[in-house]
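Undergrad: what's the 3D shape of this:
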Amino acid sequence: MKQPLFLTYYEWLPCDQPSAPTLVLIHGLLMDSTIWDLVTPYLRKNYHVLCYDLLGHGQTVTSLAPEELSWGILIDQLHDLLRATNIDRVHILGHGFGATLALLYANSYPNTMLTLTILSLHITVFLTIHEESNAMLQSLIIDNDMVSISAKLASLLVGSPTDAWLQQVQRMSKNIHAKTFIHLLQVIAETNTVSLIQNAPFPIYLLFGQLDPLCPSPARTLLVANELQERPSDLFAGASNCLQIEFPELVAHQVHHFITHKISTKPDYPHELIDFIAKVSQPIARPSKTDYDIAIYCLSGFTVIVNQEEVSRGWNQRYAKEILFLLALRGNVTRDHLIELFWEEDRQGKNQLRVALSHLRKLLQDHHDQQNWLITDHQHIRLQGKIYCDAIELSKMMDRAGKLQHLERADAIEQFFSLLTNSPLSLGINHESVLYFGYHIESKLHELFEWCIDYYLKKGAKQKAQHMHRRVTQMLPGFYFEAFS
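TA: Numbering: from 1, shown residues only. Presented below is the predicted three-dimensional model:
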């Protein structure tokens with residue numbers, strides 16, 4: 001009798017409601033199904049939950065060598081599991097590698113997938129894995145034991161690792177062979193996950209951790225703003241990579257909200273409410289990096305994109321970021337005004353400004369066609385080209401919202417979160433020349449968010465008000481609303 005290639009370990013966790021839909025949980029590399037232990041009690045309130053160990057992980061048994069593992073084999077594993085459990089259509093919650101597997105599974109079996117929620121896109125979406133990277137990983141692995149490398153990864157996966165978490169990572173890593181990890185890392189590195197998300201015909205929702213070092217902030221912001229702007233996404237303040245460990249209840253809440261409101265069949269709600277949910281749940285279109293010559297992101301940290309390329313160094317020298325922001329804000333600035341702001345008591349102020357402008361010009365210099373974005377004459381300084389700044393855009397959005405009333409105003413305020421993706425709010429420029437602008441933004445945000453929460457409460461939408469209050473307090477630590485104090 002021919003032995004099976006693998007024997008999958010899985011757990012079926014039924015919901016108290018027999019007619020509940022099924023939610024399949026797929027873990028990432030270096031993990032197993034126990035990574036979901038904290039979130040499953042919340043998910044089971046609304047779903048039958050099916051979680052399993054991928055080939056080469058956990059308690060799943062296989063006769064396949066590490067190099068024989070492929071997307072095709074992993075897709076077969078999932079398909080066989082669903083057939084064995086008599087499941088026809090599913091919602092899937094995938095973490096990193098597991099999310100990419102779900103996307104490929106849906107390509108092979110297009111009528112099976114209902115929705116996909118992605119926790120933390122795999123690091124290979126943002127970083128290229130070269131041969132040198134593989135060699136470095138191999139050097140960290142001792143005698144094919146993954147414990148040595150897992151200890152280094154543990155603090156990256158969770159922001160404040162506890163002893164229990166470190167022990168869990170160590171236990172999970174003992175069940176994966178180093179060659180399996182290296183091989184599957186190369187497999188996903190050669191897969192265009194972003195393209196799969198863009199072309200998927202079913203609803204997809206992405207969740208990220210604000211502090212996740214495996215999803216670098218500037219790259220994540222650009223990805224969500226450009227290639228994935230059609231897909232709804234949320235950012236968990238203070239979270240790292242394993243959101244299901246750090247915020248299990250919130251993850252379950254967001255997944256259920258997404259599944260409830262994003263599936264093709266509409267809930268039994270009044271049409272006005274359906275339209276409102278659809279409107280405020282979708283992020284507004286953010287600027288494509290191809291739409292602007294210079295894009296400045298300074299609502300949390302400081303990132304500048306010039307002609308589609310990030311300029312990562314030199315901004316903390318010679319008042320470069322302060323001058324750039326003032327030019328973006330005002331359009332045209334005089335030399336005398338800049339000298340007064342930055343070198344008022346320096347006799348060499350004119351020379352200091354000349355050196356500072358030369359430094360800024362080099363930072364903005366396009367390396368392909370040597371385009372000069374900084375224009376100067378004897379009296380004035382300005383930027384040319386199409387300029388975008390998230391802080392300035394937020395200020396404009398607040399002004400527009402302040403002129404609206406009732407539901408239209410609440411709708412406009414909800415859209416602030418499309419820009420406030422890196423909570424807590426912290427303007428990445430601390431010089432007194434722009435501090436007033438930062439104070440204005442924070443003060444106006446307090447005023448508008450307080451109005452919006454009060455509006456929801458008066459309309460009887462208490463859950464909506466509480467959800468906004470949680471998000472705002474994460475973003476504005478000093479925010480106070482008496483009803484929730």
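
Undergrad: And stretch 247-259, what's buried?
TA: Phe247, Pro248, Leu250, Val251, Ala252, Gln254, Val255, His256, His257, Phe258, Ile259 (16 or more other Cβ atoms under 10 Å). (Glycine included, C-beta is placed from N, CA and C.)

Undergrad: separation between the fifth one and Val158?
TA: Using Cβ to Cβ, to the nearest Å, we find Ala252 at a distance of 18 Å from Val158.

Undergrad: Walk me through the domains of this protein.
TA: If you go by automatic domain parsing, the domain ranges for the chain are 6-265, 294-388, 391-484.

Undergrad: quick one: low-confidence ranges for the stretch 51-200 of the chain?
TA: By pLDDT under 70, the weakly predicted segments of the stretch 51-200 of the chain are 127-149, 151.

Undergrad: same deal with the stretch 351-485 of the chain?
TA: Looking at the stretch 351-485 of the chain by pLDDT under 70, you get 366-370, 421-424, 485.

Undergrad: all strands for it, in order.
TA: 374-376, 380-383, 387-389, 426-427 (DSSP state E, counting those that start in this stretch).

Undergrad: Report all helices and strands that the last one contacts.
TA: Yep, that's strand 426-427 we're talking about. On a contact count with 3 or more Cβ pairs under 8 Å, 6 or more residues apart in numbering; DSSP states H and E, strand 426-427 meets helix 432-458.

Undergrad: and if you look at the longest one?
TA: Contact partners of strand 380-383 among helices and strands, from 3+ Cβ pairs under 8 Å, 6+ apart: helix 320-330, strand 332-334, helix 335-342, strand 374-376.

Undergrad: For the third one, which residues meet the burial criterion?
TA: For helix 335-342, the neighbour count (16+ other Cβ under 10 Å) marks Arg335, Leu338, Ile339, Leu341, Phe342 as buried.

Undergrad: coming back round to it: how about the strands of the stretch 351-485 of the chain in a markdown table, adding distance to Arg313 and mean neighbour count?
TA: Output for these, formatted as a markdown table (distance: least, Cβ to Cβ, whole Å; neighbours: other Cβ atoms under 10 Å):
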| stretch | distance to Arg313 | mean neighbour count |
| --- | --- | --- |
| strand 374-376 | 17 | 17 |
| strand 380-383 | 20 | 17 |
| strand 387-389 | 20 | 20 |
| strand 426-427 | 20 | 16 |
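
Undergrad: What average pLDDT does stretch 18-26 get?
TA: Averaging pLDDT along stretch 18-26 gives 96.

Undergrad: can you list contacts of that stretch?
TA: Residues from elsewhere that reach stretch 18-26 (Cβ atoms under 8 Å, 6 or more residues apart in numbering): 33, 36, 40, 43, 46-52, 54, 78, 82, 87, 89-95, 98-99, 101-102, 114, 255, 259.

Undergrad: From those residues, which land in strands?
TA: His48, Val49, Leu50, Cys51, Tyr52, Val90, His91, Ile92, Leu93, Gly94, His95, Leu114 (DSSP state E).

Undergrad: Just flag the most distant two among those.
TA: His48 and His95 (19.2 Å; Cβ to Cβ).

Undergrad: Those two - which one has more neighbours?
TA: His95 (26 against 21; other Cβ atoms under 10 Å).

Undergrad: in the stretch 151-300 of the chain, which spans are helices?
TA: Taking DSSP state H, counting those that start in this stretch, the helices of the stretch 151-300 of the chain run over residues 163-173, 178-189, 193-199, 217-225, 243-246, 248-262, 271-281.
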